[in-house]
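Colleague: what follows is a predicted structure for the sequence shown.
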Amino acid sequence: AGASDAVGVPDGFTLPKDGFVRADVCIVNNTRRPWHMLRYWNSTQGTIGMFYRICSTGEGEAQCDAPFPPLLSTIPAQHRHVFSLDLNPPAQKSWLHFGAPEGGWTDVQWGETQPVPLMGRLASSAAWAFHSFELYKLSVCNTGLLGNISSHWPAMIDSGASCLTLPKELFESVVAWVPALDCVQEWIQDFDYTERCRPEYTECTSLFKNLTMCYLRPGFDPADLPVLAFRLSEDGEQLYLPLSELVINDRPSGLPRVCVNVGDSIDFYLYHERTLYADPPRISFGTLALRNLLTVFDMEHTMVGMRNKAVFDTHNLKICSEPTVCIGAQQRYAPRNVCIDPPCHQLYFHVLDEETKKCRMGRGFLLSAVATLVAFAAAEIALSEIYERLARKLTNTI
């Protein structure tokens, strides 16, 4: 098969030069197949089948350190705990690097150490885990999206998915700022597979729960989509995720779709019973979301690093929605590009004036106040009359 066989290096690998080993990568996103056809993928959880050490008592070290043995067994031991993904459009090759990434560690921005990996257990008892990190200062159109939620939010890498998934509140913020997005609810029989509709799903139009699909609005091109920016630390360099990289054509309509999915609600996690929601809804980077980011995984120290392949101008606001103009006592909430009315209901006897967007005395309070004053005046006159009658009566008896 080649000269590499003489030194025990399989096809698709290059010898360790500059401290890394490189392998060709083919991302398989269509896994909608009968389960028995996926039996060869049983050990490929995590990112390309490699994840943090999650051994159970009694498991061998090889199984602990190498959850993807067919590949890692060929890699020198000093390179097995650090690898990087260089994912590119189909016209270019994608690469998996072991050891130092190609180009070295220059400009790689590292996230915080994650002491506990995101883990779970499927019904089949197969362990799975994802590489996770904290994402700071997420923004679009020069506007921070986290607002009053938090200074940062947990994120993860999911190489088994294509799209970028955002918690519900962040998804709605992106839609509010990107006029090129046309997001609709739809469900196509024999094409979409979702859970059955329940009464709480008010958006259902069929027996099954609808999906939120974001298409390019007619008259817009992928170049009309802005860039998401974020950091891996408070003072780290800015990293870029161009939404144009998420444009695909995978729906029966043939319309170009922007592969941004809506996840669970942050509000639900923060303010409702969390017995079944111990982990917050995470921002999930699929393979398309990583095309502009060389992504490095340090499995020994449970860290994720990223490096821009290209730097983008985030100041082109011509492709963004116009900022909403507030009036009266309204306050602007920039992440959602909306104006929030003053809380007039928190003030006694006040209501919101819909025209001026200011708080004013309620009509009912004014009427009741006038009625009360009239009652007091009538009572005063009546008491005065009674007093005079009693005085005259007393005078006459003397």
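Modeller: Here it is on my side, so go on. None of the values given here were measured: they were computed from a predicted structure. Residues are numbered from 1 along each chain as shown.
Colleague: which residues of this protein score low on pLDDT?
Modeller: The chain contains residues with pLDDT under 70 at 1-74, 115-129, 193-206, 272-278, 364-366, 398.
Colleague: tell me which residue is most central in it.
Modeller: Leu166 (2.1 Å; Cα atoms, centre = their mean).
Colleague: what about Phe220, which SS state?
Modeller: For Phe220, the assignment made with DSSP: H, G, I helix; E, B strand; the rest coil gives coil.
Colleague: so what's the residue count around it?
Modeller: For Phe220, the tally of surrounding residues (other Cβ atoms under 10 Å) stands at 18. All C-beta spots, glycine's among them, are computed from the backbone N, C-alpha and C.
Colleague: quick check on the residue nearest to the centre of the chain: phi, psi?
Modeller: Here is the backbone geometry of Leu166 (degrees, to the nearest 10): phi -120, psi 140.
Colleague: next one: Pro280
Modeller: phi -70, psi 150.
Colleague: once you drop chain neighbours, what's closest to it?
Modeller: The shortest distance from Pro280 to any non-neighbouring residue, by Cβ to Cβ, 6 or more residues apart in numbering, is to Tyr269 (5.0 Å).
Colleague: where does that neighbour land in three-state SS?
Modeller: Criterion first, three-state DSSP; result for Tyr269: helix.
Colleague: from Phe285, how far out is it?
Modeller: The spacing between Tyr269 and Phe285, counted by Cβ to Cβ, to the nearest Å, is 20 Å.
Colleague: more crowded one of those two?
Modeller: Just comparing Tyr269 and Phe285: by other Cβ under 10 Å the higher neighbour count belongs to Phe285, 27 against 15.
Colleague: biggest strand in the chain by residues?
Modeller: When the chain is parsed with DSSP state E, its longest strand is strand 127-140.
Colleague: what helices or strands is that one leaning on?
Modeller: strand 118-121, strand 152-157, helix 168-177, strand 227-231, strand 303-308 (3 or more Cβ pairs under 8 Å, 6 or more residues apart in numbering; DSSP states H and E).
Colleague: partner strands of that strand, with direction?
Modeller: strand 118-121 (antiparallel), strand 143-144 (antiparallel), strand 152-157 (antiparallel), strand 227-231 (antiparallel) (DSSP bridges).
Colleague: for Lys209, which of these is the nearest?
Modeller: Nearest to Lys209 among the strands paired with strand 127-140 is strand 118-121; the distance by Cβ to Cβ comes to 21.7 Å.
Colleague: sorry, back to before: Val370 is nearest to which of the helices and strands packed on strand 127-140?
Modeller: With Cβ to Cβ as the measure, helix 168-177 is the member of the helices and strands packed on strand 127-140 nearest Val370 (44.2 Å).
Colleague: same list (the helices and strands packed on strand 127-140) but as JSON lines, adding mean neighbour count and distance to Arg360.
Modeller: Putting the helices and strands packed on strand 127-140 into JSON lines (neighbours: other Cβ atoms under 10 Å; distance: least, Cβ to Cβ, whole Å) gives the following:
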{"stretch": "strand 118-121", "mean neighbour count": "13", "distance to Arg360": "51"}
{"stretch": "strand 152-157", "mean neighbour count": "21", "distance to Arg360": "39"}
{"stretch": "helix 168-177", "mean neighbour count": "22", "distance to Arg360": "29"}
{"stretch": "strand 227-231", "mean neighbour count": "22", "distance to Arg360": "41"}
{"stretch": "strand 303-308", "mean neighbour count": "21", "distance to Arg360": "52"}
